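Participant: no sequence for this one, just the structure:
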């Protein structure tokens, strides 16, 4: 029986080893590549099968020694050793999984190389902190604080950012999301403000939000109930960047009861009102906070209500944009990722690029509640893409 078990475990172990060898670097041991691998499935199979094979060898040795020597203690001793091996394997798996659950960063050597790549660009004056977080086995989020040369204008800064993205993703394709904190562009923004001969064009006021009489009415869903919510401020401010044919109505989700499927046949008046407002809109704008690395419960509750009963979803087919602001450096990235998964299932065509992971810093909003000059260029570009997306996909 031990021999049969060894054959099956050995076959599985060879498959996992072959997968690890595909990512093996020169002079790197199998153990080192298994520790470096972010594919937790392959790592789990490799560790479990290694422990199983080790246990089989220990069990066979214990049985053989008991028969040869006549000493019955070799058999239970082997069982104890097998238990210790399994405890060690479980500890390795817990350590690996825990590091991935809390958002493990890339290695210090890779981080140092990324810093060198950024610093080597002629447009960069100084590189501040770099923060990374793995979103999956082959997906990494990088946030960087970069100060560009003061002589550059914003167009030249934009070109520099494109160069940096290409230079970083070429050797490190896993870095799929690159985010420069808004504060990193202050030098370039000040230079433009000092040399510009004309003021920033005044943004036309948005049409009244009390009615959906515009050409493109948009239902805005803010994933926060806090009175001084940054995301509610962002929703108000970013709406002012849209053209006049767009109007924005923030739907109320704070008065919805907790979703209960038993009530699908007789939905509450607040649920009916929510579905009616979404149905009247030609597009959706989700401006969400991030709670515990995911979607706020109040937002998920609203999504569930408006998607039911089954087959009567108010969300389906509505083009959407997702954006969010947070005091954290990654700016609601995880919440947005989870929200996109939900919207994909609900058949909501969602704008993918540019992504809007906004870091709440001083100067994000101006004194009048609009978007501040340091962030205006990026958010105006985001809104322009969103407007084209809605026009393209709305019926």
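Facilitator: Received, thanks. Quick caveat: nothing in here was measured; it's all calculated off a predicted structure.
Participant: show me what the longest strand seen in the chain is packed up against.
Facilitator: In the chain, taking DSSP state E as the definition, the longest strand is strand 124-136. Using 3 or more C-beta pairs under 8 Å, 6 or more residues apart in numbering; DSSP states H and E, the elements in contact with strand 124-136 are helix 108-120, strand 139-148, strand 175-180, helix 333-345. In this view, the C-beta of every residue, glycine as well, is placed from N, C-alpha and C.
Participant: can these go into TSV with extra columns for mean neighbour count, distance to residue 394 and mean pLDDT?
Facilitator: TSV is the format used below for the helices and strands packed on strand 124-136 (neighbours: other C-beta atoms under 10 Å; distance: least, C-beta to C-beta, whole Å; pLDDT from 0 to 100):
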stretch	mean neighbour count	distance to residue 394	mean pLDDT
helix 108-120	14	39	85
strand 139-148	21	30	79
strand 175-180	18	27	74
helix 333-345	19	15	87
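Participant: and these as CSV, adding distance to residue 56?
Facilitator: Listed next are the helices and strands packed on strand 124-136 as CSV, based on distance: least, C-beta to C-beta, whole Å:
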stretch, distance to residue 56
helix 108-120, 37
strand 139-148, 37
strand 175-180, 41
helix 333-345, 41
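Participant: helices of the stretch 251-395 of the chain, start to end?
Facilitator: Under the criterion DSSP state H, counting those that start in this stretch, helices of the stretch 251-395 of the chain are mapped to 269-280, 297-306, 333-345, 373-393.
Participant: contacting residues for the nearest residue in space to residue 110 that is not next to it in sequence?
Facilitator: Excluding the flanking residues, the one nearest residue 110 by C-beta to C-beta, 6 or more residues apart in numbering is residue 172, at 6.7 Å. By C-beta atoms under 8 Å, 6 or more residues apart in numbering, residue 172 lies in contact with 106, 110, 113, 114, 140.
Participant: isn't there a helix covering residue 172?
Facilitator: No - read with DSSP: H, G, I helix; E, B strand; the rest coil, residue 172 is coil and lies in no helix.
Participant: which pLDDT value goes with it?
Facilitator: Model confidence at residue 172, given as pLDDT, is 79.
Participant: next: residue 135.
Facilitator: What the model reports for residue 135 is a pLDDT of 65.
Participant: just checking, what packs against the helix or strand that contains residue 61?
Facilitator: Here residue 61 sits within helix 40-69, counting by DSSP states H and E. Helices and strands touching helix 40-69, by 3+ C-beta pairs under 8 Å, 6+ apart, are helix 2-21, helix 30-36, helix 74-101.
Participant: any idea of the mean pLDDT in the first one?
Facilitator: Confidence over helix 2-21 (mean pLDDT, whole number) is 78.
Participant: how about the second one?
Facilitator: Throughout helix 30-36, pLDDT has a mean value of 66.
Participant: swap in the last one?
Facilitator: For helix 74-101, mean pLDDT is 79.
Participant: how about stretch 374-387?
Facilitator: Over the span of stretch 374-387, the pLDDT mean works out to 87.
Participant: before we move on, the earlier item: I'd like the helices and strands packed on helix 40-69 as TSV, with mean neighbour count appended.
Facilitator: What follows is these, written out as TSV (neighbours: other C-beta atoms under 10 Å):
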stretch	mean neighbour count
helix 2-21	14
helix 30-36	15
helix 74-101	14
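Participant: need these in CSV with distance to residue 155, can you?
Facilitator: Shown next, in CSV, are the helices and strands packed on helix 40-69 (distance: least, C-beta to C-beta, whole Å):
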stretch, distance to residue 155
helix 2-21, 46
helix 30-36, 40
helix 74-101, 40
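Participant: looking at these, which is nearest to residue 56?
Facilitator: Checking the helices and strands packed on helix 40-69 against residue 56 by C-beta to C-beta gives helix 2-21 as the closest, at 4.9 Å.
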